[in-house]
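> here you go, sequence then predicted model.
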Amino acid sequence: MDRNTKPTISESYTAEKFEDELLLYSKTDEQALYLNNTAQAVLQLCGDDLTVAQIIDYLQQHYPDQREEIDQEVIEVLSTLESNGVITFEYE
């Protein structure tokens, strides 16, 4: 994954929050995605016009004890969101 790309949230999903859980529902088919806390944080940062590298850096600064795991987790979350059509990537 190119870390200089910017993930952009698709308009084809709606989000519903239930306590600490976030569910995304597809507007075009009967698909739903459950997002854990990590995925929720990544998705929220996708709306802030940041590159993949900036998202990773932001989370590593805020969670220094998990610095090594964050890099891989963010890439996995972004890949899952992209494969489900929740986000697309834009090059600067």
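The structure has been received and is ready for your questions.
> and R3, how far from Y13?
Noted for R3: a distance of 24 Å to Y13, by Cβ to Cβ, to the nearest Å. (Glycine included, C-beta is placed from N, CA and C.)
> can you check Y58 too?
For Y58, the distance to Y13 - Cβ to Cβ - is 22 Å.
> higher neighbour count, the two?
Y13 (21 against 17; other Cβ atoms under 10 Å).
> now the more buried one: how far from G47?
Separation of Y13 from G47 (Cβ to Cβ): 12 Å.
> now L81
On the measure of Cβ to Cβ, L81 and G47 end up 12 Å apart.
> likewise S10?
S10 sits 11 Å away from G47, taking Cβ to Cβ as the criterion.
> comparing L81 and G47, which residue is more hemmed in?
L81 (23 against 11).
> now the helix or strand hosting the more buried one: buried residues?
L81 is part of helix 67-83, with elements assigned from DSSP states H and E. Using 16 or more other Cβ atoms under 10 Å as the test for burial, helix 67-83 gives 70-71, 73-75, 77-78, 81.
> now do stretch 53-63
55-60.
> same check on stretch 82-92?
84-87, 89.
> pick the one among the residues you listed closest to D29.
Among the buried residues of stretch 82-92, G85 lies closest to D29 (Cβ to Cβ), at 9.3 Å.
> which residues touch the closest one?
Counting by Cβ atoms under 8 Å, 6 or more residues apart in numbering, G85 touches 10, 12-13, 26.
> just the buried ones from the residues you listed?
Among these, those scoring as buried are 10, 13, 26 (criterion: 16+ other Cβ under 10 Å).
> wait, which of those is closest to D65?
Within the buried ones among the contacts of G85, the smallest distance to D65 is 31.2 Å, found for Y13 (Cβ to Cβ).
> I'd say that closest one and S26 touch.
Yes: the criterion here is Cβ atoms under 8 Å, and Y13 meets it with S26 at 5.8 Å.
> hmm, who's touching stretch 22-33?
Here stretch 22-33 has contacts from 11-17, 34-35, 39-40, 43, 84-86, using Cβ under 8 Å, 6+ apart.
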